[in-house]
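Q: Fold the stuff below for me.
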Amino acid sequence: MISGGRGEVRGLGVADRYRRVLDQVAEAALRVGRSPDEITVVAVSKGVDDERIREAVAAGVRVLGENRVQEALKKRERLADLGVSWHLVGHLQTNKVKYAVKFFDLIHSLDSVRLAREIQKRAEGHGPVAVLVEVNLTGQASRFGVREEELRPLLEEVATLPLVRVEGLMTIAPVVERMEEARPCFRRLYELAQKVREWGIPGVNMRELSMGMSADFPVAVEEGATMIRVGTAIFGPRT
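A: Below is the predicted model of the structure:
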């Protein structure tokens, strides 16, 4: 088994950490007969200084993920020369939507009809906004995301909004002692994506499954992730 614990990569530079993540992705993908090229590594740069972000991009990172809209906007202005794609991987508040629709290439955290309608409103004059629907598979009320039984009604409503383009699903696994314990959560998201395809809701695509983070991404890859959100395993502990 490949492990992705934080302690194992201490002392390595950003480029070495990133290469290690790519190696783990490749091994996990090949183990289940997938191509490593199917998986996008979203380097989560929340709280990371510009120097380390530039090191990551120089090493090959092409997608940066941010949790907070305001922090992302400041970084994108300073790092405009990098030519990378920016994703919002954290919770999106409705009062930040007007900024998010202009600056992010993909929003991973659509979790309500209210938010979808606000995205539709703010996207007018800007163009379609690509989103993933966040699904809460932990059963914890403190977590963001729709419950399984809420997924179809949400997707059917979003399908009526021409500027909100659903590209897939996202989930955050529960905190576990061993990454193997996160497998049922990732497998369930994959199954839900299959179910959504069967529903055949017009305009709703299931191209992307965003699941897996630094502590559990190899298992997520084995279970069908097309995007993994990796911060600490690439950038090291936040300063």
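
Q: quick one, what contacts the spatially most central residue of the chain?
A: A centroid search over the chain (Cα atoms, centre = their mean) returns residue 210, at 4.5 Å, as the residue closest to the centre. By Cβ atoms under 8 Å, 6 or more residues apart in numbering, the contact list for residue 210 reads 42, 89, 108, 132, 168-171, 225-229. C-beta here means a position set from N, CA and C on the backbone, and glycine is covered the same way.

Q: rerun at 7 Å
A: Residue 210 is in contact with 108, 132, 168, 170, 227, 229, counting by Cβ atoms under 7 Å, 6 or more residues apart in numbering.

Q: Same check on residue 60?
A: residue 18.

Q: Give me the distance between it and residue 194.
A: 31 Å (Cβ to Cβ, to the nearest Å).

Q: so where's the protein shaky on pLDDT?
A: 1-11, 239 (pLDDT under 70).

Q: which residues in it form strands?
A: 40-44, 63-66, 85-88, 106-110, 129-134, 164-170, 208-210, 227-230 (DSSP state E).

Q: got a markdown table for these, with distance to residue 25 too?
A: As requested, the strands of the chain are exported to a markdown table (distance: least, Cβ to Cβ, whole Å):
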| stretch | distance to residue 25 |
| --- | --- |
| strand 40-44 | 7 |
| strand 63-66 | 13 |
| strand 85-88 | 17 |
| strand 106-110 | 18 |
| strand 129-134 | 19 |
| strand 164-170 | 18 |
| strand 208-210 | 14 |
| strand 227-230 | 7 |
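
Q: So which of these is the most surrounded?
A: Compared across the strands of the chain, strand 227-230 shows the largest average neighbour count, a mean of 27 (mean count of other Cβ atoms under 10 Å).

Q: Can you give the contact residues for that strand?
A: Contacts of strand 227-230 (Cβ under 7 Å, 6+ apart): 21, 39-44, 65, 89, 208-210, 212-214, 217, 220-221.

Q: what are the ranges of the helices in this structure?
A: Counting by DSSP state H, the chain has these helices, from start to end: 14-31, 50-59, 69-78, 97-103, 113-123, 148-158, 183-199, 217-222, 232-235.

Q: Check those for me and report the most buried one.
A: By mean count of other Cβ under 10 Å, the helices of the chain have helix 217-222 as the most buried, with a mean of 26.

Q: Show me the two of the contacts of residue 210 that sit farthest apart.
A: 168 and 229 (13.3 Å; Cβ to Cβ).

Q: Would you quantify the distance from the residue lying closest to residue 238 once chain neighbours are set aside to residue 100?
A: With Cβ to Cβ, 6 or more residues apart in numbering as the criterion, residue 238 has its nearest non-adjacent residue at 4.2 Å, and that residue is residue 47. According to Cβ to Cβ, residue 47 and residue 100 sit 19 Å apart.

Q: contacting residues for the nearest residue to residue 72 once chain neighbours are set aside?
A: In this structure, residue 72 finds its nearest non-sequential neighbour in residue 66, 3.6 Å apart by Cβ to Cβ, 6+ apart. Each residue near residue 66 by Cβ under 7 Å, 6+ apart is listed here: 45, 46, 72, 86, 88, 89.

Q: Nearest to residue 181, out of those: which one, please.
A: Using Cβ to Cβ, the contacts of residue 66 come closest to residue 181 at residue 89, 22.1 Å.

Q: Residue 91 against residue 143, yeah?
A: No. Applying Cβ atoms under 7 Å, one finds residue 91 not in contact with residue 143, separated by 9.9 Å.

Q: Tell me, how many residues neighbour residue 45?
A: The number of residues packed near residue 45 is 27, by other Cβ atoms under 10 Å.

Q: The helices of the chain into JSON lines, with extra columns for distance to residue 136?
A: Output for the helices of the chain, formatted as JSON lines (distance: least, Cβ to Cβ, whole Å):
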{"stretch": "helix 14-31", "distance to residue 136": "25"}
{"stretch": "helix 50-59", "distance to residue 136": "29"}
{"stretch": "helix 69-78", "distance to residue 136": "21"}
{"stretch": "helix 97-103", "distance to residue 136": "20"}
{"stretch": "helix 113-123", "distance to residue 136": "14"}
{"stretch": "helix 148-158", "distance to residue 136": "8"}
{"stretch": "helix 183-199", "distance to residue 136": "10"}
{"stretch": "helix 217-222", "distance to residue 136": "16"}
{"stretch": "helix 232-235", "distance to residue 136": "23"}
